[in-house]
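Asks: turn this into a model:
(one chain, ligands or ions: 1)
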Amino acid sequence: MDLSDIEPEAGGQTGGPEQDEEDIAREIGRLKKQLNAVILVHNYQRSGVQDVGDFLGDSLGLARQAASTDADVIVFCGVYFMAETAYMLSPEKKVILPDLNAGCPLADMAEACDVAEMKKKYPGAEVVCYVNSSAEVKAVSDYCCTSSNAVEVVKAVGSDQVIFIPDKNLGSYVAERVDKEVITWNGFCVTHECIGVEDIEARLKEHPRAEVIAHPECRPEVQAVSQHICSTSKMSEAARNSEAVEFIVATESGMLYPLRKAVPGKSFYAPVKDPLCPNMKLITLPKVLKALRGMGPEVTVPEDIRVRALGAVERMLSLG
Ligand code: 13P
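Replies: Now for the predicted structure:
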């Protein structure tokens, strides 16, 4: 897949006459101030969307921003579960996802009833859910975690046996780093699962001195050939602190843009088949403008589920 298979950035979605990117960005900036809105942007977003963001980050960083912002409106440029988590943390705010179709197939791979089944099977185990999960799954979990704190969260859980849902690859990454039994679920991120060792090795042939930075959602064999395994926001730190000057980045290719900006003296390459998340790419600059103009589409969570899910998210955030 390449970006030409995905909806183009501009093109008649602004709810007004067609504008070029610079005009759209200017209008977004003006409306944002007028509405006291904040734009939170995930590292995988299109570069134009990243450029209009107030905060760019990984799931954990953006959740923290959502919890602490004094804006009245949060425009979340990411996928559905991220906007849901922002709403859980700031229900008094209007949380807007510029395209409600921006889902997460991984989050859809486990349901609350699956967790109940697992709990029956392992009654002594506490449940840690990856943030890439639905609000309903978070509501029946003890702790939430992100890729940046999964190991710390599992270590902090009271039980020696932990049910980890839904990502099997992050689950096995954690299992290797804790002194506990980690029972994983069979979920995976389609974009990361499609990255093969051969895609990395092919790129390494062109850049033999490069180091590999992988997201822990990658398959174990990809992790095994990587020098650095970390959340998206920790990747720039890993590259900056390394002696290497070239890196193969085994994650969604939107990450190359913030890496090149944050570490300008070094070079970053995708594996040979560009890993793209079609859901992340659904958010375009015209849709961000349309969302601000129309103050929607909004993301909310039913209050009973929100309160229970918030428990798992807050237990994670309280770990620091
Ligand atoms: P990060 O929290 O590392 O940004 O990961 C989010 C994600 O959805 C990866 O696919």
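Asks: the stretch 51-200 of the chain: helices as residue ranges?
Replies: 59-68, 80-89, 112-121, 135-139, 150-156, 168-175, 190-193, 197-206 (DSSP state H, counting those that start in this stretch).
Asks: quick check, Val307 in a helix?
Replies: Yes. Applying DSSP: H, G, I helix; E, B strand; the rest coil, one finds Val307 inside a helix.
Asks: from Ser133, how far off is it?
Replies: From Val307 across to Ser133, the span is 17 Å (C-beta to C-beta, to the nearest Å). Backbone N, C-alpha and C define where each C-beta goes, glycine included.
Asks: those two - which one has more neighbours?
Replies: Per other C-beta atoms under 10 Å, whichever of Val307 and Ser133 has more neighbours is Ser133, with 31 against 13.
Asks: what count of nearby residues applies to the residue lying closest to the more buried one once chain neighbours are set aside?
Replies: Once flanking residues are discounted, Ser133 sits nearest to Ala107: 5.2 Å by C-beta to C-beta, 6 or more residues apart in numbering. By other C-beta under 10 Å, 26 other residues sit near Ala107.
Asks: show me what contacts Ala107?
Replies: For Ala107, the contact set (C-beta atoms under 8 Å, 6 or more residues apart in numbering) comprises 79-81, 132-134, 137, 166.
Asks: and the ligand, which of those residues reach it?
Replies: Among the contacts of Ala107, the residues that sit close to the ligand (C-beta under 6 Å from any ligand atom) are Asn132.
Asks: just name the closest of the contacts of Ala107 to the ligand, please.
Replies: Each of the contacts of Ala107 was checked against the ligand using C-beta to the nearest ligand atom; the closest is Asn132, at 5.2 Å.
Asks: for the closest one, give me its contacts.
Replies: 59, 81, 104, 106-107, 166-167, 189.
Asks: rebuild those as TSV, extending it with pLDDT.
Replies: Listed next are these as TSV, based on pLDDT from 0 to 100:
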residue	pLDDT
Ser59	95
Phe81	98
Cys104	98
Leu106	98
Ala107	98
Pro166	98
Asp167	98
Cys189	98
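Asks: hmm, back to that, the residue nearest to Ser133 and Ala202, how far apart?
Replies: 31 Å.
Asks: and Leu289, by the same measure?
Replies: 39 Å.
Asks: which one of these two has more residues nearby?
Replies: Leu289 (25 against 14).
Asks: other SSEs contacting the helix or strand that one falls within?
Replies: If you go by DSSP states H and E, Leu289 is part of helix 285-294. When contacts are defined as 3 or more C-beta pairs under 8 Å, 6 or more residues apart in numbering; DSSP states H and E, helix 285-294 packs onto helix 21-34, helix 47-52, strand 73-77.
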